[in-house]
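Enquirer: Below are the sequence and a predicted model; questions follow.
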Amino acid sequence: METESLLRVEELALKKYKIFKQSQIRYIARAMLASMFIGFGVIVAFKSGNYFYMEHSPFAYPMAAITFGAAIILIAYGGGDLFTGNTFYYTYAALRKKLKWRDVVRLWLFSYIGNIMGAAVFALLIFLTGLFTDSSVNSFLLNVVEHKMTTSASELFFRAILCNWLVCMAFFIPMSLKGDGAKMFAMMLFVFCFFISGYEHSIANMCTFAIALVLDHPGTISFPGVLHNLIPVTIGNLIGGVLLMGVMYYFVNKPFLDSEEN
């Protein structure tokens, strides 16, 4: 039964809220860390995949999906506050009446802003290194970004719902596992599933877009293209985390949790 893990979700949400109450600046800094960790995952994924992409190999995307798992390990063990995971944590805590909904909305907003800031800072750092400027290194990333910016909003929306369902599970399932090795394997497996499936993750996208925009990019990659993607993807991620994780797990486990409290 997953009730033990749900109690940890509740504790984690309250711990995050405590940090927010102590210092909103510190909370934003933790959110910046999370998106910068995702930035590391984006770089290693697309740089690894690019070697196969340049050879027109079908292994380009699978290789990127495997190596992107580094991002979730960094967040889980290095600290950080990710908007997409928070859609689940705070919803569940609010349904359990441990948080007020107005505080939940504020926490979502501040984590999202921090994630944007972290993505921008990381993109600037990558630009200053000069390691990702050549087409022999960045062509795979730019190709993927171009497709993300030209996909229909409705398709992006539903891909985002499925994405955050899997991403939240990538944090939730390992809570019941013993040993760091098993936890990391499960996390990377779920991240591989969302990446290889072509789903849409708002924070990973904003990091990828920020990097693409500071590089020499084609005209099809633009700030309006960023908004075209991020608006439906963010809403979809929110619905995936709130309804398919927070509400669903609260509903199916409510009788068990209520009996434990009584």
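Expert: Received, thanks.
Enquirer: So what touches stretch 58-72?
Expert: By CB atoms under 8 Å, 6 or more residues apart in numbering, the residues outside stretch 58-72 that reach it are 37-38, 40-42, 44-46, 48-53, 140, 170-171, 187-192, 195-196, 204. Where you see a C-beta, it was placed from the backbone N, CA and C, and this is true even at glycine.
Enquirer: Mind checking which of those residues land in helices?
Expert: 37-38, 40-42, 44-46, 48-53, 140, 170-171, 187-192, 195-196, 204 (DSSP state H).
Enquirer: List only those of the residues you listed flagged as buried.
Expert: Listed as buried from the ones in helices among the contacts of stretch 58-72 are 37-38, 40-42, 44-46, 48-50, 52-53, 140, 170-171, 187-188, 190-192, 195, 204; burial here means 16 or more other CB atoms under 10 Å.
Enquirer: what are the ranges of the helices in the stretch 1-150 of the chain?
Expert: Listed from the start of the chain, the stretch 1-150 of the chain has helices (DSSP state H, counting those that start in this stretch) covering 3-22, 24-53, 60-67, 70-78, 83-95, 101-129, 135-150.
Enquirer: elements contacting the longest one?
Expert: Same thing as helix 24-53. Here helix 24-53 touches helix 3-22, helix 60-67, helix 70-78, helix 101-129, helix 135-150, helix 202-214, going by 3 or more CB pairs under 8 Å, 6 or more residues apart in numbering; DSSP states H and E.
Enquirer: so where do the helices sit in the stretch 151-262 of the chain?
Expert: Counting by DSSP H, counting those that start in this stretch, the helices of the stretch 151-262 of the chain are 153-172, 180-197, 202-214, 223-239, 248-261.
Enquirer: helices or strands next to the fourth one in the packing?
Expert: Translated: helix 223-239. Looks like helix 223-239 contacts helix 83-95, helix 135-150, helix 153-172, helix 202-214 (3+ CB pairs under 8 Å, 6+ apart).
Enquirer: between the ones you listed, which has the poorest average model confidence?
Expert: Ranked by mean pLDDT, those bottom out at helix 135-150, with a mean of 93.
Enquirer: got a list of contacts for that helix?
Expert: 42, 46-47, 49-50, 53-54, 60, 64, 131-132, 156, 200, 205, 208-209, 211-212, 215, 217-218, 220-222, 225-226, 228-229.
Enquirer: Any regions of this protein where pLDDT drops low?
Expert: Within the chain, the segments meeting pLDDT under 70 span 1, 257-262.
Enquirer: about what we covered before: JSON lines please, covering the helices and strands packed on helix 24-53 and showing distance to Leu238.
Expert: JSON lines is the format used below for the helices and strands packed on helix 24-53 (distance: least, CB to CB, whole Å):
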{"stretch": "helix 3-22", "distance to Leu238": "16"}
{"stretch": "helix 60-67", "distance to Leu238": "24"}
{"stretch": "helix 70-78", "distance to Leu238": "19"}
{"stretch": "helix 101-129", "distance to Leu238": "8"}
{"stretch": "helix 135-150", "distance to Leu238": "18"}
{"stretch": "helix 202-214", "distance to Leu238": "9"}
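Enquirer: Out of these, the one nearest Pro255 is which?
Expert: Nearest of those to Pro255, taken as CB to CB: helix 3-22 at 10.1 Å.
Enquirer: in the closest one, what counts as buried?
Expert: In helix 3-22, counting by 16+ other CB under 10 Å, buried: Ser5, Leu6, Val9, Glu10, Leu12, Ala13, Leu14, Lys16, Tyr17, Ile19, Phe20.
Enquirer: residues contacting Ala153?
Expert: Applying CB under 8 Å, 6+ apart, we find Ala153 in contact with His228, Ile231, Pro232.
Enquirer: Pull out the buried residues from the residues you listed.
Expert: His228, Pro232.
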